[in-house]
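Enquirer: next one to model:
(chains A and B)
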Number of protein chains: 2
Amino acid sequence: MKKTSIVSIGNELISGQTLDTNAAYLSQNLLFLGIPTVSFHTVGDESSAIVRALDLATADADIVIATGGLGPTDDDLTRQAFADFLEAGLVLHEDLLHQIAEFFSHRQLQMPLINRIQAYIPLGSDAIANTLGTAPGIMARKQGKLLFALPGVPSEMKQMFQESVIPQLHQFAMKQAVVVKKLKCFGAGESAIADMLGLMMQRGRNPLVNCTVDFGVVTFSIVASADNFAAAEEMAQQDERTLRDILGNLVYGTGEQTLAQVVGEELARQGKTLAVAESCTGGTLAKLLTDVPGASKYFTSGWVTYNNHAKITQLGVDAGLIQKHGAVSEQVAEAMSRGARANAQTDFAVAITGIAGPTGGTEQKPVGLVYISVDYNRGTDTQRFIFSHDRAFIRLRTAQTALNMLRLKLRV
Amino acid sequence: MKKTSIVSIGNELISGQTLDTNAAYLSQNLLFLGIPTVSFHTVGDESSAIVRALDLATADADIVIATGGLGPTDDDLTRQAFADFLEAGLVLHEDLLHQIAEFFSHRQLQMPLINRIQAYIPLGSDAIANTLGTAPGIMARKQGKLLFALPGVPSEMKQMFQESVIPQLHQFAMKQAVVVKKLKCFGAGESAIADMLGLMMQRGRNPLVNCTVDFGVVTFSIVASADNFAAAEEMAQQDERTLRDILGNLVYGTGEQTLAQVVGEELARQGKTLAVAESCTGGTLAKLLTDVPGASKYFTSGWVTYNNHAKITQLGVDAGLIQKHGAVSEQVAEAMSRGARANAQTDFAVAITGIAGPTGGTEQKPVGLVYISVDYNRGTDTQRFIFSHDRAFIRLRTAQTALNMLRLKLRV
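Expert: Just a heads-up that it's a prediction; the model follows:
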């Protein structure tokens, strides 16, 4: 199997001012072509650093794609670095010069003299047309390796990759087809889930099963490689079925789906409505729900009852209940969800009360203690959780857990 | 001058599924310490690739910071790769094992056996405490180079970098003193603001003035370098004064302050209270306000009146007003803010109604049309905005603009 290494060039990258979206875009698209990426090497605008990165990348892989440093200014050094790496001189291409001049005249501008440098290509290499900008790319070969230089501007890079690089890669006749599937899970920690899967996550297995975790959402990716698409698809599907069997109710969706989307789709499908009442999450749950376009089909209203007065006057929570059990209690959570459902006249209401911290915790009621209550036509289900990490984590994890409780109630 | 190289580890990175925000965060923060980053090397979850990346990074720089691969599962190989790279065995640290077990028992969970591996550290290396998760970091030395391994989870990585890595780096303290100041602005576009500053933003100038923009918040960083701290501080202060003179009311804060923090501090200082009523932002404004610890001092309650029924029953908006002018109108925004303030009995109430899209727009009322109303003891101020970009941008920009309106009212 052929492999790629990506070289990203630019001071704005290694100073942290700009996120490298180009490398991620390229590796994603190469994977779909069946060409996995094994490394990224990122360096600044310095000739020797670029040459060294090209050396490293060609040692790592069969195909090297470099982005950035093809502009016309003094700090654009990729052209010269490619020439140095290839031990070839830069040669003026009259046709490129003509194209660059046309780019400006088409815009009724004079071509700055400085752009002339962009018409130079290392001897023995080919130019790659750039229909969106002035910087042509470079395609070169060295010791059986294929190298490309593309501009750093994402729109130009993507167009050139799709139009000019992909056709070249077909010569590597990837017999291999790759299918990627993602399963999104919620309700158990990464290590507990990994325990359940055992050998499925072994390295070198095909399909390769990986997992990442983000605020309690565990995402499994299944990457299946085979001689043809149908076979890869069949392998990926089989793994997906196995994972679903093992993980059961923990699986909430596929691809890039969020919990709020899945809950929203199910509410819409069942023609049900929802209201929420939040204390410690302070609007986070309502925000997640309304992040989804079309949420007005099922989401009617929310309350952020941050102080006790609001809980009493807006949701009809009994003041005595708060005095007896405290605002962070099972009883108050239950009263909040019932009050919200009654006031909003919805099918479901979810209420949250807890201590997001960093202060306000006690020994009996520590920071991270949260009660989530779901009120619906089958009754009221109130659960107690203790989350850790910081305020932002506790709030987001709490809101996600509330969505997950609702999802499980909607499954029946 | 000392230099850093960053090693990012994870299949999700080289497959393009996850953007590497860690490397950018680290290089940005290292630059503020006067330690530039010269390269990133990114590899997958493979032991030999990690070892090679550590080799390359130590060849590039004096300090190496690796992130990722410290989790408890089979594809977390950084611990072993560090041991291989250092030619040292992994040793169980009983104190770490105890901490990890406590992490689980605090959450009333059984520690999975798999997490035991996280208590192993290469012989001769030090553990770095992780107060947010189970994965301790590693600090090691080899041939005069200083190496760190941190978790890939950004919140854990950042906390450990700030608390444990930065103090270690002070030994590399450069002769050059660098002072960085940040000014946060809201209320005008990036290019308009840059135009106001003229030559101050010139490349190569000292102090160097840069600006970045994030959902309407324009952040200026002033980086002053001098022989000693006092001189650098004086230069940075002088530039800050000049910027404040030019930008006036656009400057809302310094450092990492958010609009919600600044508004909250001012409300607390003046002993005023606040309620909010949101339609299209669906809880975003309440969430931003309650992201700030201690918000209960001034924030009492919020309503997410997503449908008309909620606007009428919860905020007392006249149904005829909605019928006549539409839910997205100056009149309804005004009625919402007045209703919210009256119901919540607060000093200030902010209301938002608008069309966040992607659908629901008309020629008269396009997607992005938003009314924001502030009701307080001096009357009601309602303003009309049209924001563009997508749903997420419109919602966040709207909430931030509401906070900015409130900020300007609180300044008097």
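Enquirer: only C-alpha atoms from now on, for both contacts and neighbour counts.
Expert: OK.
Enquirer: name the nearest residue to A:Val35, sequence neighbours excluded.
Expert: One thing to correct before we go on: residue A:35 is Ile, not Val. Take A:Ile35 and drop its neighbours on the chain: the residue closest to it by Cα to Cα, 6 or more residues apart in numbering or on different chains is A:Lys3, 5.4 Å away.
Enquirer: avg pLDDT for stretch A:113-125?
Expert: Model confidence over stretch A:113-125, given as mean pLDDT, is 90.
Enquirer: quick check: buried residues in that stretch?
Expert: A:Asn115, A:Arg116, A:Ile117, A:Gln118, A:Ala119, A:Tyr120, A:Ile121, A:Pro122, A:Leu123, A:Ser125 (16 or more other Cα atoms under 10 Å in any protein chain shown).
Enquirer: go on, stretch A:1-21?
Expert: A:3-17, A:19-20.
Enquirer: please work out the average pLDDT along that stretch.
Expert: 90.
Enquirer: do stretch A:249-260 as well
Expert: pLDDT averaged over stretch A:249-260 gives 94.
Enquirer: how far away from the center of its chain is it?
Expert: On the basis of Cα atoms, centre = their mean, to the nearest Å, stretch A:249-260 sits 14 Å off its chain's mean C-alpha point.
Enquirer: do that stretch and chain B meet at all?
Expert: No. In terms of Cα under 8 Å from any Cα of the partner chain, no part of stretch A:249-260 sits within range of chain B; the closest distance is 10.6 Å.
Enquirer: next, the buried residues of that stretch.
Expert: A:Leu250, A:Val251, A:Tyr252, A:Gly253, A:Thr254, A:Thr258, A:Leu259, A:Ala260.
Enquirer: for the stretch 1-150 of chain A, which residues are neighbours of chain B?
Expert: So the stretch 1-150 of chain A meets chain B at A:13-21, A:23-28, A:31, A:36-44 (Cα under 8 Å from any Cα).
Enquirer: inside helices: which ones of the residues you listed?
Expert: Members of those lying in helices (criterion: DSSP state H): A:Leu13, A:Ile14, A:Thr21, A:Ala23, A:Ala24, A:Tyr25, A:Leu26, A:Ser27, A:Gln28, A:Leu31.
Enquirer: just give me the neighbour total for the last one.
Expert: Read that as A:Leu31. Neighbourhood size, A:Leu31 [other Cα atoms under 10 Å in any protein chain shown]: 22.
Enquirer: quick check, pLDDT for it.
Expert: pLDDT, A:Leu31: 81.
Enquirer: quick check, it in contact with B:Ile14.
Expert: No. Applying Cα atoms under 8 Å as the test, A:Leu31 and B:Ile14 come out as separate, 9.8 Å apart.
Enquirer: overlap of the contact sets of those two?
Expert: Residues within reach of A:Leu31 and of B:Ile14 at once, by Cα atoms under 8 Å, 6 or more residues apart in numbering or on different chains, are A:Thr37.
Enquirer: residue ranges for the helices of the stretch 1-150 of chain A, please.
Expert: For the stretch 1-150 of chain A, the helices defined by DSSP state H, counting those that start in this stretch cover A:11-14, A:21-32, A:47-60, A:78-86, A:94-106.
Enquirer: out of those, the one nearest B:Gly204 is which?
Expert: Each of the helices of the stretch 1-150 of chain A has some distance to B:Gly204 by Cα to Cα; the shortest is helix A:11-14, at 13.8 Å.
Enquirer: need the contact partners of that closest one.
Expert: The set of residues that contact helix A:11-14 without belonging to it, under Cα under 8 Å, 6+ apart, is A:18-20, A:42-45, B:24, B:27, B:37-40.
Enquirer: for those residues, which one is nearest A:Asp291?
Expert: When the contacts of helix A:11-14 are compared against A:Asp291 (criterion: Cα to Cα), the nearest one is A:Leu19, at 24.1 Å.
Enquirer: just checking, that closest one touches B:Asn22?
Expert: No. A:Leu19 is beyond contact range of B:Asn22, at 9.6 Å (criterion: Cα under 8 Å).
Enquirer: please enumerate the shared neighbours of the two.
Expert: With Cα under 8 Å, 6+ apart, A:Leu19 and B:Asn22 have no common neighbours.
Enquirer: count the neighbours of A:Arg411 for me.
Expert: 9.
Enquirer: report pLDDT for it.
Expert: For A:Arg411, the model assigns a pLDDT of 87.
Enquirer: circling back to that earlier point, ok, of the contacts of helix A:11-14, which come out buried?
Expert: Buried among the contacts of helix A:11-14 (16+ other Cα under 10 Å): A:Leu19, A:Asp20, A:Thr42, A:Val43, A:Gly44, A:Asp45, B:Ala24, B:Ser27, B:Thr37, B:Val38, B:Ser39, B:Phe40.
Enquirer: thinking again about what came up before, redo the buried residues of stretch A:249-260 as TSV? Include secondary structure.
Expert: As requested, the buried residues of stretch A:249-260 are exported to TSV (DSSP: H, G, I helix; E, B strand; the rest coil):
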residue	secondary structure
A:Leu250	helix
A:Val251	strand
A:Tyr252	strand
A:Gly253	strand
A:Thr254	strand
A:Thr258	coil
A:Leu259	helix
A:Ala260	helix
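Enquirer: nearest to A:Met160 among those?
Expert: A:Thr254 (30.7 Å).
Enquirer: need the longest helix for chain A.
Expert: Longest helix in chain A, counting by DSSP H: helix A:391-411.
Enquirer: helices or strands up against that one?
Expert: helix A:259-270, helix A:284-290, strand A:348-354, strand A:369-376 (3 or more Cα pairs under 8 Å, 6 or more residues apart in numbering or on different chains; DSSP states H and E).
Enquirer: tell me the angle of that helix relative to strand A:348-354?
Expert: Angle between the axes of helix A:391-411 and strand A:348-354 is 150 degrees (criterion: axes from the mean of the first three to the mean of the last three Cα atoms, to 10 degrees).
Enquirer: element containing the residue of chain A positioned farthest from its centre, please.
Expert: Most distant residue from the mean C-alpha position of chain A: A:Gly320, 46.4 Å away (Cα atoms, centre = their mean). Assessed by DSSP states H and E, A:Gly320 sits inside helix A:319-325.
Enquirer: give me the next element, helix or strand, following that helix.
Expert: Past helix A:319-325, the next helix or strand by DSSP H and E is helix A:330-344.
Enquirer: touching chain B at all, that next one?
Expert: Yes. Using Cα under 8 Å from any Cα, we find that helix A:330-344 touches chain B at A:Ala344.
Enquirer: tell me the angle that helix makes with strand A:348-354.
Expert: 140 degrees.
Enquirer: which strands or helices does helix A:330-344 pack on?
Expert: strand A:274-278, strand A:299-305, helix A:308-315, helix A:319-325, strand A:348-354, strand A:369-376, strand A:379-386.
Enquirer: if you set the cut-off to 7 Å instead, what comes out?
Expert: strand A:274-278, helix A:308-315, strand A:348-354, strand A:369-376, strand A:379-386 (3 or more Cα pairs under 7 Å, 6 or more residues apart in numbering or on different chains; DSSP states H and E).
Enquirer: which of these sits closest to A:Gly264?
Expert: For A:Gly264, the closest of those is strand A:274-278, at 9.3 Å, according to Cα to Cα.
Enquirer: parallel or antiparallel, which strands does that closest one pair with?
Expert: Sheet pairing for strand A:274-278, assigned by DSSP bridges, gives strand A:299-305 (parallel), strand A:348-354 (parallel).
Enquirer: is it possible to get a markdown table of the ones you listed that adds mean neighbour count?
Expert: Below are the strands paired with strand A:274-278 laid out as a markdown table (neighbours: other Cα atoms under 10 Å in any protein chain shown):
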| stretch | mean neighbour count |
| --- | --- |
| strand A:299-305 | 29 |
| strand A:348-354 | 30 |
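Enquirer: turn these into JSON lines, columns for mean pLDDT.
Expert: Formatted as JSON lines, the strands paired with strand A:274-278 follow (pLDDT from 0 to 100):
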{"stretch": "strand A:299-305", "mean pLDDT": "98"}
{"stretch": "strand A:348-354", "mean pLDDT": "98"}
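Enquirer: B:Ile312: which of those is closest?
Expert: Of all the strands paired with strand A:274-278, strand A:299-305 comes closest under Cα to Cα, at 11.5 Å.
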